[in-house]
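Here is my input; please provide its structure:
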Amino acid sequence: MSAPAVAEPKSVAPLPKRRRPSPIRWVKMGGLSKLGFALPIIFVFGLFSWYPIVKSVIMSVQKTNFVMDPQYVGMENFGKVLNDPLLGQAVQNTIEFTFWSILIGFPLPLILAVVIGELTRGRTVASILAYLPAIVPPVVAVLLWKQLYKPEASGLFNTILGWFGMEPSGWLNNVDLVIPAIVVEMTWAGAGTTVIVYIAALMSVRTELYETAEIDGAGIRQRIWHVTLPQMRQIMLLMLLLQIINLGQLFTEPYIMTSGGPRNESLTVMLLIYRYAFADGNYGKATALSVMLALVLGVLSLVYQWVTRKWST
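Okay, here's the model as predicted:
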């Protein structure tokens, strides 16, 4: 008995390419009115975003102090920045800030979010309490913690040390403690926003997975390790990339707390740019370092965009 004939699949005709309308037809379709609505936005965006970027690139190859006429010096500013020993110190400190922030500031919001997600009562109140520090203005939060870190015995943390018979510590004057101390303040101030993001991600985890895990006899620890964390790995990586990008622009906390001290042990790249511009009056070096930092952060931003695009498909 012969095998039945298999029908050949019909070829699907390709969709016709969409033709771009002619200028006259584009005007008739209301293109001018659409352009009129977009022009103010384009103008504002270009004035406050693109113009400073272009101006910074131009200033990076000039010698200028905004008083005398600028002089073209080519790559001289970049050479001076790269030969500055403070640049290595600033980069090392920025990397150390990143290390301590990942060690302290990255897992804490995740732990808080998981704990709040496991609550059966008071979840809303716990979420509000976790988010409260984010409401405090950044400068106010830094000044508050600077008072807590007072090196005198009257400082709160030194008072607590005194309860246990320990000597007062110069938290922000100690080269070994200054960066972890600043990171603790940054974690306190910024963890609330990240906690809310993680709680929103937890709500998207399918309840069937938890029910299956409970039927299999999994406890809270097993549910978190085998269900919660694997389902949140994407948002965790995205938050990690954002945290690294933000730490590359760290300025407010070390500037207000220590001004980069002691002995430049908390000096960051952004703080070094500030010194070049407003302490030394060398705007060419400041913009040259700004361009270099922008290139590094641009690469990290491309990685972030690639990761988000890959996981959104």
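
Identify the single longest helix in the protein, thanks.
Determined from DSSP state H, the single longest helix within the chain is helix 283-312.

Give me the packing partners of that one, helices and strands only.
Under the contact criterion of 3 or more Cβ pairs under 8 Å, 6 or more residues apart in numbering; DSSP states H and E, helix 283-312 touches helix 51-59, helix 76-82, helix 233-247, helix 269-274. For glycine as for every other residue, the C-beta is placed from the backbone atoms N, C-alpha and C.

for those helices, which one sits closest to Gly284?
Nearest to Gly284 among the helices and strands packed on helix 283-312 is helix 76-82 (4.2 Å), distances taken as Cβ to Cβ.

Show me the shaky parts of the stretch 151-300 of the chain.
Within the stretch 151-300 of the chain, the set of residues satisfying pLDDT under 70 comprises 206-211, 214, 216, 218-219.

Okay, helices next: where are they in it?
Using DSSP state H, counting those that start in this stretch, the helices found in the stretch 151-300 of the chain span residues 156-163, 178-203, 207-215, 220-223, 229-231, 233-247, 252-257, 269-274, 283-312.

Just say which of those is most tucked in.
Counting by mean count of other Cβ atoms under 10 Å, helix 269-274 has the highest mean neighbour count of the helices of the stretch 151-300 of the chain, with a mean of 22.

and it, C-alpha only, in CSV?
Extracted in CSV, the C-alpha atoms of helix 269-274 (Å, rounded to 0.1, in the frame of the first residue of the first chain):
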residue,chain,number,x,y,z
VAL,A,269,36.1,60.3,40.7
MET,A,270,33.2,62.7,40.9
LEU,A,271,34.8,64.5,43.8
LEU,A,272,38.1,64.7,42.0
ILE,A,273,36.2,66.3,39.0
TYR,A,274,34.8,68.8,41.5
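
other SSEs contacting that helix?
helix 85-100, helix 252-257, helix 283-312.

will you turn the helices and strands packed on helix 283-312 into TSV that also has distance to Leu148?
Below are the helices and strands packed on helix 283-312 laid out as TSV (distance: least, Cβ to Cβ, whole Å):
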stretch	distance to Leu148
helix 51-59	36
helix 76-82	36
helix 233-247	22
helix 269-274	22
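
Of all those, which one is nearest Leu297?
Using Cβ to Cβ, the nearest of these to Leu297 is helix 233-247, at 5.8 Å.

contacts for that closest one?
94, 97-98, 101-102, 105-106, 110, 194, 197-198, 201, 229, 297, 300-301, 303-304, 307-308, 311 (Cβ atoms under 8 Å, 6 or more residues apart in numbering).

how much does that helix deviate in direction from helix 178-203?
Angle of helix 233-247 versus helix 178-203, following axes from the mean of the first three to the mean of the last three Cα atoms, to 10 degrees, is 150 degrees.

Could I get the contacting residues of Leu297?
Applying Cβ under 8 Å, 6+ apart to Leu297 gives the contacts 245, 248-249.

Remind me what whichever strand or helix holds Ala38 packs against, helices and strands.
In this assignment (DSSP states H and E), Ala38 forms part of helix 31-45. Helix 31-45 is packed against no helix or strand, with contacts defined by 3+ Cβ pairs under 8 Å, 6+ apart.

ok and that helix relative to helix 51-59, angle-wise?
Here helix 31-45 points in a direction 60 degrees away from that of helix 51-59 (the same axes, to 10 degrees).

can you tell me the average pLDDT over helix 31-45?
Computed over helix 31-45, the mean pLDDT rounds to 77.

mind starting the numbering at 22 from now?
OK, 22 is where the count begins now, so the last one is helix 52-66.

And the helices and strands packed on helix 304-333: which comes nearest Tyr170?
Nearest to Tyr170, of the helices and strands packed on helix 304-333 and by Cβ to Cβ, is helix 290-295 at 18.2 Å.

tell me how far the closest one is from the chain's mean position?
Remark: helix 290-295 is offset 17 Å from the chain centroid, using Cα atoms, centre = their mean, to the nearest Å.

Identify all contacting residues around that helix.
Contacts of helix 290-295 (Cβ under 8 Å, 6+ apart): 107-108, 111-112, 115, 269-272, 275-276, 280-281, 307, 310-311, 314.

The helices and strands packed on helix 290-295: which one's closest to Arg244?
Closest approach to Arg244 among the helices and strands packed on helix 290-295 is made by helix 304-333 (23.3 Å; Cβ to Cβ).

Any idea how far that closest one is from the middle of the chain?
Remark: helix 304-333 is offset 11 Å from the chain centroid, using Cα atoms, centre = their mean.
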